[in-house]
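dropping a prediction and its sequence here:
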Amino acid sequence: MDHKKLTILGSTGSIGRNTLDVVSRNPDRFSVHALAAHSNHELLARQVEEFRPALAVLFDEEAAGRLKELRPNGGRTAVAWGMEGLLEAAGAAEVDQVVAGMVGAAGLLPTHAAVSAGKQVGVANKEVMVLAGELMMNLARQTGAVLLPVDSEHNAIFQCLNGEDGAQAERIILTASGGPFLDLPREKFISITREQALRHPNWNMGPKITIDSATMMNKGLEVIEARWFFGLPPEQISVLVHPQSIVHSMVEFVDGSVLAQLGLPDMRVPISYCLSYPERLPLDLPRLNLGAVRNLEFREVDHERFVCLSLALRALKLEGGVPAALNGANEEVVAAYLAGGFPFHRIGSILEEVMEHLEQELNPAGPTPAVKERPDEALTPGYLKHIATVDDAVAADGHGRKLALRIISQAANT
Ligand SMILES: NC(=O)c1ccc[n+]([C@@H]2O[C@H](COP(=O)([O-])OP(=O)(O)OC[C@H]3O[C@@H](n4cnc5c(N)ncnc54)[C@H](OP(=O)(O)O)[C@@H]3O)[C@@H](O)[C@H]2O)c1
């Protein structure tokens, strides 16, 4: 494998830090061209000091100013900010591979820039695939970009499909830990605290994905991500609860054979596979001992308690910009929840209202949703029916956010 130059978008987050850990274990294989984050200038300064990239970017201009003042790497690293800086980091000619490790729809344009520039792109930032998965896959075919799934479930499927003709896959089975409330009775959801929701039993991740895991919206977003990554229709993608997070996902082939990828839950494994693909690199981490694990348990999802998963499946059925709109709404609702806006169980009910509204917009003859105001647009906007451009994805995302914010503020005023 040749030496690769990397850009890491979201380097200060959980995926970014794990990626840098893999890089630091393989200095002969990887070096860093650019690191990018939102505003954590102190951690970014330490990362710049250690990895000596040519470019460091913070979305927040003021934080970028503070980073500049710190003069990490003796001032030899250029500092940029804003979307322009992120696009420069993602599309730079020197870069072989981009790790899309930002959280949320904010990663859409930088990831799009990397795909447009024909890079290898390790995609952790699943919201990008939810917003514009079909567009990204089509664009990659045109530019020669290679999209590699970092998400552990998709990485598992990717590994199971390796060397197989994708058309021979009859079904992919995404496993789900079920999050911290897997066994909590529905009537107790009302008393869930933020601290409990932020404590995932198996994975240590950023706050947004941790809440999405607790509501199981995360699994819904992953079904949408899988639909585009692997080009399978929704009915060939299923979800199975597996509380131990050892079987990361499975593929069932047309002959009934099922292949699974197993391992301890550690994101450095799928990250390393994406960085070294199509090779594997030695990785000195604790090994899976099935004798010690003893039980691998599987069960069906309880859709009554985890409504967010069903909402994502409903959005996927409608396709077009509806998944993007639901994703945008979810980002707003989770941010408001984390800011202390309402109790945990309201996340699902607010998003249900958003979904009802979107369905009404696409099918005005259907039942009227509970939201009192009509949307600003008299006709269904085109981006809800079809995402043809990245601007459509941005518009659909914004549409969902607006709906969610309206419902949240109506609820606050009643
Ligand atoms: N963590 C996991 O194990 C895991 C597993 C599978 C998939 N994923 C996916 O990977 C993505 C990242 O998750 P995470 O857990 O690593 O999140 P995280 O710990 O919250 O980190 C998010 C990163 O994105 C940066 N960021 C946020 N908004 C930005 C913006 N507007 N411009 C530039 N940078 C921005 C943050 O910078 P600051 O630090 O400066 O705010 C931080 O570096 C998510 O889409 C998640 O669903 C994560």
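Okay, I see it. Numbering: from 1, shown residues only.

distance between the ends of stretch 241-259?
17 Å (Cα to Cα, to the nearest Å).

off-centre distance for it?
Here the centre of stretch 241-259 is set off from its chain's centre by 21 Å, with Cα atoms, centre = their mean, to the nearest Å.

average pLDDT across that stretch?
The pLDDT scores in stretch 241-259 average 97.

give me the pLDDT for the residue in the stretch 101-250 of the chain positioned nearest to the ligand.
The nearest approach of the stretch 101-250 of the chain to the ligand comes at residue 206, 2.4 Å away (Cβ to the nearest ligand atom). Any C-beta I mention is one placed from the backbone N, CA and C, and that applies to glycine too. pLDDT for residue 206: 96.

over to it: give its phi and psi.
Torsion angles at residue 206 (phi, psi; degrees, to the nearest 10) stand at phi -70, psi 160.

I'd assumed residue 103 was in contact with it.
Yes: judged on Cβ atoms under 8 Å, residue 206 makes contact with residue 103 at a distance of 5.7 Å.

from the centroid of the protein, which residue is nearest?
Centroid-nearest residue in the chain, with Cα atoms, centre = their mean: residue 126, separated by 2.4 Å.

that one: what's it in contact with?
With contact taken as Cβ atoms under 8 Å, 6 or more residues apart in numbering, residue 126 is in contact with 151, 221, 222, 225.

tell me which element the last one is part of?
Assigning secondary structure by DSSP states H and E places residue 225 in helix 217-230.

which other residues reach whatever helix or strand comes next after that helix?
Later in the chain than helix 217-230, the nearest helix or strand by DSSP H and E is strand 237-241. Residues outside strand 237-241 that contact it (Cβ under 8 Å, 6+ apart) are 171-178, 182, 219, 223, 226-227, 298-301, 309.

which of the residues you listed fall within helices?
Secondary structure from DSSP state H places 219, 223, 226, 227, 309 of those in helices.

was I right about the first one contacting residue 309?
Yes: A contact is recorded between residue 219 and residue 309 when judged using Cβ under 8 Å, the distance being 5.3 Å.

identify the contacts common to the two.
Overlap of the contact sets of residue 219 and residue 309 (by Cβ under 8 Å, 6+ apart) consists of 239, 301.

can you map out the strands along this protein?
Assigned by DSSP state E, the chain shows strands spanning 4-9, 30-37, 55-58, 78-81, 97-100, 120-123, 146-149, 169-176, 237-241, 247-253, 258-262.

turn the ones you listed into a markdown table, columns for distance to residue 69.
Shown next, in a markdown table, are the strands of the chain (distance: least, Cβ to Cβ, whole Å):
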| stretch | distance to residue 69 |
| --- | --- |
| strand 4-9 | 23 |
| strand 30-37 | 16 |
| strand 55-58 | 12 |
| strand 78-81 | 10 |
| strand 97-100 | 27 |
| strand 120-123 | 32 |
| strand 146-149 | 36 |
| strand 169-176 | 45 |
| strand 237-241 | 48 |
| strand 247-253 | 43 |
| strand 258-262 | 45 |
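
okay if I get those strands as CSV plus mean neighbour count?
Conversion of the strands of the chain to CSV gives the following (neighbours: other Cβ atoms under 10 Å):
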stretch, mean neighbour count
strand 4-9, 25
strand 30-37, 25
strand 55-58, 27
strand 78-81, 20
strand 97-100, 28
strand 120-123, 26
strand 146-149, 22
strand 169-176, 21
strand 237-241, 19
strand 247-253, 22
strand 258-262, 17
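
now render those as TSV, adding distance to the ligand.
Shown next, in TSV, are the strands of the chain (distance: least, Cβ to the nearest ligand atom, whole Å):
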stretch	distance to the ligand
strand 4-9	6
strand 30-37	4
strand 55-58	7
strand 78-81	10
strand 97-100	8
strand 120-123	9
strand 146-149	9
strand 169-176	12
strand 237-241	16
strand 247-253	11
strand 258-262	15
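
of all those strands, which one is nearest residue 344?
Among the strands of the chain, strand 169-176 comes nearest to residue 344, with 18.0 Å by Cβ to Cβ.

ok, residues contacting that closest one?
For strand 169-176, contacts defined as Cβ under 8 Å, 6+ apart pick out 153, 157, 161, 216, 219, 222-223, 226, 230, 232, 236-242, 245, 247-254, 258, 298, 301.

go again with 7 Å.
Residues from elsewhere that reach strand 169-176, judged by Cβ atoms under 7 Å, 6 or more residues apart in numbering: 153, 157, 161, 216, 219, 222-223, 226, 230, 232, 236-242, 247-254, 301.

now swap in stretch 17-28 and tell me
6, 8, 11, 30, 32, 47, 51, 99, 101, 267-268, 271-272, 275, 281.

which of the residues you listed sit farthest apart?
Across the contacts of stretch 17-28, no pair lies farther apart than 47 and 281, at 20.9 Å, counting by Cβ to Cβ.

which one's more surrounded, the two?
Each of residue 47 and residue 281 has its neighbours counted (other Cβ atoms under 10 Å); residue 47 has more, 24 against 15.

OK, contacts around that one?
11, 20, 35.

need the pLDDT of the last one.
Spelled out, it's residue 35. If you check residue 35, the pLDDT there is 99.

tally of neighbours for the residue nearest to residue 4 when sequence neighbours are not counted?
Excluding its sequence neighbours, the residue lying closest to residue 4 (Cβ to Cβ, 6 or more residues apart in numbering) is residue 96, at 4.4 Å. The tally of other residues near residue 96 (other Cβ under 10 Å) stands at 15.

please tell me how far residue 356 sits from residue 345.
17 Å (Cβ to Cβ, to the nearest Å).

report the buried residues of stretch 403-414.
By 16 or more other Cβ atoms under 10 Å, the buried positions in stretch 403-414 come out as 403, 404, 406, 407, 408.

oh, that last question was meant for stretch 128-147, not what I typed.
By 16+ other Cβ under 10 Å, the buried positions in stretch 128-147 come out as 128-137, 139-140, 145-147.

chain neighbours aside, what residue packs nearest to the residue in the chain that the ligand sits nearest to?
Across the chain, no residue is closer to the ligand than residue 13, which sits at 1.9 Å (Cβ to the nearest ligand atom). Distances taken as Cβ to Cβ, 6+ apart put residue 206 closest to residue 13, at 5.3 Å, once the chain neighbours are dropped.
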